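S.K.: starting from these lines, generate the structure:
(2 chains)
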Number of protein chains: 2
Amino acid sequence: MSYGDRMSSTRTARSQERRAEILRSALDVIAERGYRGASLAAVAERVGLTQQGLLHHFPTKEALLVAVLEERDQWDSVPRSQWRLDLLGTLVEYNAMRPGIVQTFSALLGESVTEGHPAREFFTRRYAEVRGSMAEVLRAEYGERLPGGLTPERAAPLLVAVLDGLQYQWLLDPEAVDMPGAVRDFLELLAVEG
Amino acid sequence: MSYGDRMSSTRTARSQERRAEILRSALDVIAERGYRGASLAAVAERVGLTQQGLLHHFPTKEALLVAVLEERDQWDSVPRSQWRLDLLGTLVEYNAMRPGIVQTFSALLGESVTEGHPAREFFTRRYAEVRGSMAEVLRAEYGERLPGGLTPERAAPLLVAVLDGLQYQWLLDPEAVDMPGAVRDFLELLAVEG
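M.R.: Alright, predicted model coming up:
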């Protein structure tokens, strides 16, 4: 390894570390101030960077928020061998305690369906992956045939839709919607003997 | 009725007419150019008003879009006595032919969960109403007990969530998601004998 290589790998490691620090700070700002309050300026201040310095890592607010959501997906992920459907209820209960990140996800998902939005690719890819892994989990739990004659592949988009759709109803009116309870209700529907 | 009264009721009728005309034009612009393209300027031009003239009727883009969604709800509504659950599949099939309005609904719903958004009240009220009327339709169709031991009131938020959640998946990747088919799949789940 040449001197130059060592320099650049140190620089990369530092840059990675700084990036992780920015994401943690962004998550804090989101939790405290919500989606609108999570400006690049607020995150830069929290992490002790100039706005210019932050822009070096994330060129736009959308890029930063997508990175936060990707990071959350990583933290929330459970090793495939340990996935069980009832963990979903627990995950949603946990989400109900962190409205800031749920709001950020939901607001960004809404924006992403508009023309040429920078988060569109992230969500499109994420949904293809999530539908695939949910189908796997459903198959492991219920086999090839679910109630109503559904296959795991046909039930998966419904499960994903329930999770997302309930988040909007809950964010708008948390008193009226028991989000974790409703998710468990849906899992009951999938568990009915056909 | 005094002369003044007659004058003002004529003015009101004209204003109502102009308002309806603006909403129709907005719907056209949305269909052609999508959510981002539906600017106040584009709608004003289509309806033959100055932007100032349009602002007299709708002070912001959000106010205009909420009015468009309210108007759509009115047009889509079926007399309560004639509501059947399988009409939902038909309505969703119809929606799949008008992505512009579905996109507008979904984008505005996403924005509405952010702090102090002008569409928040519209969506909060709409969801309370829609959950209520869906519960009624479910009760009329299936009685008090649905699969998994669910009541109509507990199934209603799930049904609404499925409709909204599928719209996002479909808007992002229309080839991968059969939105009307998935809605029919969910209705099958609700129809399973417990």
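S.K.: how is chain A carved up into domains?
M.R.: Structurally, chain A divides into domains by automatic domain parsing as follows: A:1-61, A:78-194.
S.K.: so which residue of chain A comes closest to chain B?
M.R.: As assessed by CB to the nearest CB, chain B sits closest to A:G110 within chain A, at 1.1 Å. Using the backbone N, CA and C atoms, a C-beta is placed for each residue, glycine as well.
S.K.: ok, for that residue, nearest residue in space, not its chain neighbours?
M.R.: B:G110 (1.1 Å; CB to CB, 6 or more residues apart in numbering or on different chains).
S.K.: can you lay out the domains of chain A as JSON lines showing mean neighbour count?
M.R.: Output for those, formatted as JSON lines (neighbours: other CB atoms under 10 Å in any protein chain shown):
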{"stretch": "domain A:1-61", "mean neighbour count": "15"}
{"stretch": "domain A:78-194", "mean neighbour count": "18"}
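S.K.: so where do the helices sit in chain A?
M.R.: Assigned by DSSP state H, the helices in chain A fall at A:3-37, A:40-47, A:51-57, A:61-76, A:86-95, A:99-112, A:120-142, A:152-172, A:179-191.
S.K.: where among those is the average confidence lowest?
M.R.: Lowest mean pLDDT within the helices of chain A: helix A:3-37, a mean of 85.
S.K.: what's the angle from it to helix A:61-76?
M.R.: Inter-element angle recorded for helix A:3-37 and helix A:61-76: 100 degrees (by axes from the mean of the first three to the mean of the last three CA atoms, to 10 degrees).
S.K.: any part of helix A:3-37 near chain B?
M.R.: Yes: residues of helix A:3-37 are located near chain B by CB under 8 Å from any CB of the partner chain, namely A:34-37.
S.K.: run through the neighbouring helices and strands of that helix.
M.R.: helix A:40-47, helix A:51-57, helix A:61-76, helix A:99-112 (3 or more CB pairs under 8 Å, 6 or more residues apart in numbering or on different chains; DSSP states H and E).
S.K.: buried sites along the third one?
M.R.: Of all the residues in helix A:61-76, those buried under the rule 16 or more other CB atoms under 10 Å in any protein chain shown are A:61-69, A:71-72.
S.K.: correct me if wrong: A:L108 contacts A:E62.
M.R.: Yes: at 7.2 Å, A:L108 counts as touching A:E62 under the criterion of CB atoms under 8 Å.
S.K.: what is in contact with the two at once?
M.R.: Both A:L108 and A:E62 are contacted by A:A119, under the criterion CB atoms under 8 Å, 6 or more residues apart in numbering or on different chains.
S.K.: not including adjacent chain positions, what is the nearest residue to A:S39?
M.R.: Closest to A:S39 by CB to CB, 6+ apart is A:K61, at 6.8 Å.
S.K.: mind checking how far the one you found is from A:R98?
M.R.: 20 Å (CB to CB, to the nearest Å).
S.K.: mind checking pLDDT for A:G194?
M.R.: 53.
S.K.: what's near enough to touch A:G53?
M.R.: A:G53 neighbours (CB under 8 Å, 6+ apart): A:A44.
S.K.: let me redo that: A:G116
M.R.: With CB under 8 Å, 6+ apart, A:G116 has these contacts: B:R36.
S.K.: likewise for the one 4 residues further on?
M.R.: Under the criterion of CB under 8 Å, 6+ apart, the contact partners of A:R120 comprise A:112-113, B:172.
S.K.: swap in 10 Å and give it another go.
M.R.: Counting by CB atoms under 10 Å, 6 or more residues apart in numbering or on different chains, A:R120 makes contact with A:62, A:109, A:111-114, B:171-173.
S.K.: going by distance to A:G165, which of these wins?
M.R.: A:L109 (10.9 Å; CB to CB).
S.K.: residues touching the closest one, list them.
M.R.: With CB under 10 Å, 6+ apart, A:L109 has these contacts: A:69, A:119-120, A:122-123, A:126-127, A:164, A:167-168, B:106-107, B:109-110, B:165, B:168, B:171-172.
S.K.: that older thread, hang on, the residue of chain A closest to chain B packs against B:Y168?
M.R.: Yes: contact criterion CB atoms under 10 Å: A:G110 and B:Y168 qualify, at 7.9 Å.
S.K.: need the overlap of contacts for those two.
M.R.: Joint contacts of A:G110 and B:Y168 (CB under 10 Å, 6+ apart) are A:168, B:103, B:106-107, B:109-110.
S.K.: how close does A:R11 sit to B:A135?
M.R.: For A:R11, the distance to B:A135 - CB to CB - is 59 Å.
S.K.: please apply the same query to A:I30.
M.R.: 34 Å.
S.K.: check A:T60 too.
M.R.: Counting by CB to CB, the gap from A:T60 to B:A135 is 42 Å.
S.K.: also A:T90?
M.R.: When A:T90 is compared with B:A135 (using CB to CB), they lie 27 Å apart.
S.K.: coming back round to it: what's the separation between the residue nearest to A:S39 and A:P174?
M.R.: A:K61 is 25 Å from A:P174, by CB to CB.
S.K.: check A:G110 too.
M.R.: 18 Å.
S.K.: how about A:D185?
M.R.: Applying CB to CB to A:D185 and A:P174 gives a distance of 17 Å.
S.K.: A:A26 now?
M.R.: 23 Å.
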